[in-house]
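**Q** got a predicted structure here, sequence first:
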Amino acid sequence: DAKTTQPTSMDCAEGRAANLPCNHSTISGNEYVYWYRQIHSQGPQYIIHGLKNNETNEMASLIITEDRKSSTLILPHATLRDTAVYYCIVRVPDGGATNKLIFGTGTLLAVQP
Amino acid sequence: EPEVTQTPSHQVTQMGQEVILRCVPISNHLYFYWYRQILGQKVEFLVSFYNNEISEKSEIFDDQFSVERPDGSNFTLKIRSTKLEDSAMYFCASSEVTNQPQHFGDGTRLSIL
């Protein structure tokens, strides 16, 4: 699985959009980008995933650059409950040899009142 | 929304004792996983399980660890003789098929004394 690079931490004002970047410059053609988050003392929570098209669901939007070397997770109206560590993970969804998720250190998003 | 449930939420055990951590995956899911997170560290993959057998395991998952699906609903992780370094949060996850996201429980905090 390709490696990802994320900022260690970010701040965001409550009610504003939170834009979390992820660099995955070595991503291969069949690898998807997945985003999870981990609120303190809870298990990782799936947010969204995509291959090359932009994706949106009830939680967030995922913007993937045309060359697929980076992506941005957008929380359109951040609330205090969105304070969490956000993980960007790339993997082949039908993993073949492996289905495991490899977690990095993620980005600690602190939503400020 | 269906969710993965784990029991107990906190387990305290003497070193050398056996411990069993229990998980009830989402009912129509076929793939099951255990991860762990030592305090302050990354979430680490332990093992994946499909069709009543282990499909992949990490270096952490040595002979002291075992998994079982004893009935149609439970998925368990057993540590045969616990060590101090086994103290961690243990997360169970499940997915419908390999190309669908994994959904996590809120974990069991295992404390070895």
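**A** Ah, there it is.
**Q** so where does the residue most central in space within chain B fall, helix or strand?
**A** Centrality entry for chain B: nearest residue to the mean C-alpha point is B:W34, 3.4 Å, by CA atoms, centre = their mean. Element membership for B:W34 (DSSP states H and E) is strand B:31-37.
**Q** so which residues on chain A come close to chain B?
**A** By the criterion of CB under 8 Å from any CB of the partner chain, the positions of chain A lying close to chain B are A:34, A:38, A:41-46, A:49, A:87, A:93-95, A:97-105. Every C-beta, even on glycine, is put in place using the N, C-alpha and C of the backbone.
**Q** residues of chain B that sit close to chain A?
**A** Residues of chain B found near chain A, taking CB under 8 Å from any CB as the criterion, are B:4, B:31, B:33, B:35, B:42-45, B:48, B:55-56, B:58, B:91, B:93, B:95, B:97-107.
**Q** so which residues of the chain form strands?
**A** I went with chain A, as the question did not name one. With DSSP state E as the definition, chain A shows strands at residue ranges A:9-13, A:18-23, A:32-38, A:45-50, A:55-56, A:61-64, A:70-75, A:84-91, A:107-112.
**Q** oops, I was thinking of chain B
**A** With DSSP E as the definition, chain B shows strands at residue ranges B:5-7, B:10-13, B:19-24, B:31-37, B:43-50, B:53-57, B:65-68, B:75-79, B:88-95, B:103-104, B:108-112.
**Q** for those strands, give me CSV that also has mean pLDDT.
**A** Written out in CSV, the entries for those read as follows (pLDDT from 0 to 100):
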stretch, mean pLDDT
strand B:5-7, 96
strand B:10-13, 97
strand B:19-24, 97
strand B:31-37, 96
strand B:43-50, 94
strand B:53-57, 92
strand B:65-68, 96
strand B:75-79, 97
strand B:88-95, 96
strand B:103-104, 96
strand B:108-112, 97
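**Q** quick one: which of those strands is nearest A:E66?
**A** Shortest separation from A:E66 across the strands of chain B is recorded for strand B:88-95, at 29.1 Å, computed as CB to CB.
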